[in-house]
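In: Return a 3D structure for these sequence lines:
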Amino acid sequence: MGHTRNNMPRPDKIIMIGPCKVAIFRNRILRNGEEILVPKVKFEVRYKDKRTGKWKGTPCMTVPEIPKAILALQKAYEWLVSTKHDGVLPSRTPSLSLSAMQPVNSDLSASDRPPLRNVYKP
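Out: Residues are numbered from 1 along each chain as shown. Just a heads-up that it's a prediction; the model follows:
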């Protein structure tokens, strides 16, 4: 695991799909007195600031960026479960299936929720 000039850890893997960027790092932690490396994922959407001309990142995205974000995160997941990591083996990584996803519970009934507006027009 390398470091950049400003002493920030260098990612082990970067996946870019359009402006959507996923960086995979290994964080050092102590578990039962033993130092191990645990993979962590950072997601951001890259954009060029019109005022300064510098590249920046944000966790926010537009509707057309959602499929790109999903694909970038899926590629990161595939890389993580197919690669051996110190302390975390792919076989110990839980698998995710669509059937395991549950809708978010809400205190509001469907009739109490404000209607969604379609602001995206292709």
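
In: wait, isn't V45 in contact with K56?
Out: No. V45 sits out of contact with K56 when judged by C-beta atoms under 8 Å, with a separation of 9.5 Å. All C-beta atoms are positioned from the backbone trio N, CA, C, and that covers glycine.

In: Between those two, which has more neighbouring residues?
Out: V45 (19 against 11; other C-beta atoms under 10 Å).

In: who's in contact with the more buried one?
Out: V45 is in contact with 19-21, 57-61, 65, 69, counting by C-beta atoms under 8 Å, 6 or more residues apart in numbering.

In: go again using 7 Å as the cut-off
Out: The contact partners of V45, by C-beta atoms under 7 Å, 6 or more residues apart in numbering, come to 19-20, 57-58, 60-61, 65.

In: Show me what the strand ranked longest in the chain pairs with in its sheet, parallel or antiparallel.
Out: Identified as the longest strand of the chain according to DSSP state E is strand 34-48. Here strand 34-48 has these sheet partners by DSSP bridges: strand 20-31 (antiparallel), strand 55-58 (antiparallel).

In: for the record, mean pLDDT for the shortest one?
Out: Translated: strand 55-58. For strand 55-58, mean pLDDT rounds to 97.

In: what sits up against it?
Out: Residues outside strand 55-58 that contact it (C-beta under 7 Å, 6+ apart) are 21, 44-49.

In: Next secondary structure after that strand?
Out: helix 66-82 (DSSP states H and E).

In: now what about that following helix, what contacts it?
Out: Defining contact as C-beta under 7 Å, 6+ apart, one finds that helix 66-82 is touched by 13, 15, 17-18, 20, 22, 24, 39, 41, 43, 61, 90, 93.

In: What count of nearby residues applies to K42?
Out: Number of residues near K42 (other C-beta under 10 Å) recorded here: 14.

In: residues touching it, list them.
Out: Going by C-beta under 7 Å, 6+ apart, K42 touches 23, 25.
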